[in-house]
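Engineer: quick check, what structure comes out for this input:
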Amino acid sequence: MSRRPRRNRPPRLDADPVAAFTHDPGVATPSEDARAKVPTLRRRVVEARIAGPHSHFGRDAVKASIRALVGGDRRARLGCDGLEGCSPDEVRDALASTHGWDPNAARAAIDPECTLAAIEAAGIRIAEAAQAGARIAVATARPASLLGLAQFVATEATALGGRVLVSDRAAIDGTAGRELWWIGGVAVLTDGTALLASDGAGDDWLFAVGRPDLVVADRAYAGAALRAGCEVVAWADLDAPALSLAAARGRRVLVVPLDERRPAAAYEVVEDALDLG
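Structural biologist: The predicted structure is shown next:
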């Protein structure tokens, strides 16, 4: 797979409400023109709308996700175990820790500082594992948005010496006509015609590839890996509080907070910030 060319200039978007998140505190810049020519990673993350004010759901939607997790909704757990008995305050604190989420803010938002710090840590961990020859498994339940980023991780991990685990295809128990396929080293769900967004294929994926040393995934793929005792780097939106709670309870998961529903090109800044090249 050839690597996509990186863009040097992010798209220009309306100043409000993004402007409040694009200011870089403590960073001196000679002029607005100079800053536009050399945008910081923080500015690019916000202007791509993978952090900052959320593009797809509001504060009430996040609170509904928290209630579902506290209420024991199986889907809200994303395949994670060990999350029983959680309280709303515990889940809110977990989201605040990973995403910088403020339940009292007027709208849902992801703190870009949390996103950038987690991306940097993820890049270090993925590189360390790959250079040590680790078995690495990569998957996404959001192929329309995250497949390109996941393929980038698989490609760079291989180049660094990691063994990216793949299979030809794998059937999904209890479903007709759906299979897991591996595209560019990444497991995705398909019906044979299109790639599907789904939270229901995590166990079958791990059964197909064997036990990895490190998993880089999102949603139920990340949850299933945690339940299997794997170390996980997890891309996680505000509506996936189970992964934040798992981190708060000491599971081996590095949560990277970001909006999972942006166009694929928006995640090019994540590739740059991972610095795996």
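
Engineer: who's in contact with residue 80?
Structural biologist: 223, 226, 227, 242, 243, 245, 246, 251 (CB atoms under 8 Å, 6 or more residues apart in numbering). The C-beta positions use only the backbone N, C-alpha and C, and glycine is treated the same way.

Engineer: my bad, should have said residue 157
Structural biologist: Residue 157 neighbours (CB under 8 Å, 6+ apart): 126, 129, 130, 136, 138, 164, 216, 276.

Engineer: now swap in residue 149 and tell me
Structural biologist: Applying CB under 8 Å, 6+ apart, the residues near residue 149 are 235, 264, 267, 270, 271.

Engineer: secondary structure class for residue 137?
Structural biologist: strand (DSSP: H, G, I helix; E, B strand; the rest coil).

Engineer: burial measure for it, as a count.
Structural biologist: Residue 137 has 28 neighbours, counted by other CB atoms under 10 Å.

Engineer: just checking, it touches residue 187?
Structural biologist: Yes: shown here, residue 137 and residue 187 form a contact pair, counting by CB atoms under 8 Å, at 7.4 Å.

Engineer: show me the common contact partners of the two, please.
Structural biologist: By CB under 8 Å, 6+ apart, the residues touching both residue 137 and residue 187 are 205, 209.

Engineer: helices of the stretch 1-150 of the chain, residue ranges please.
Structural biologist: In the stretch 1-150 of the chain, the segments counted as helices under DSSP state H, counting those that start in this stretch are 19-22, 32-37, 41-47, 59-70, 88-99, 112-131, 143-159.

Engineer: how about the last one, which residues are buried there?
Structural biologist: Buried positions in helix 143-159, judged by neighbour count with 16 or more other CB atoms under 10 Å: 143-157.

Engineer: residues touching the residue nearest the centre of the chain, list them.
Structural biologist: In the chain, the residue lying closest to the centroid (CA atoms, centre = their mean) is residue 235, at 1.4 Å. Residues counted as contacts of residue 235 (CB under 8 Å, 6+ apart) are 140, 146, 149, 217, 218, 222, 256, 258, 260.

Engineer: lovely, talk soon.
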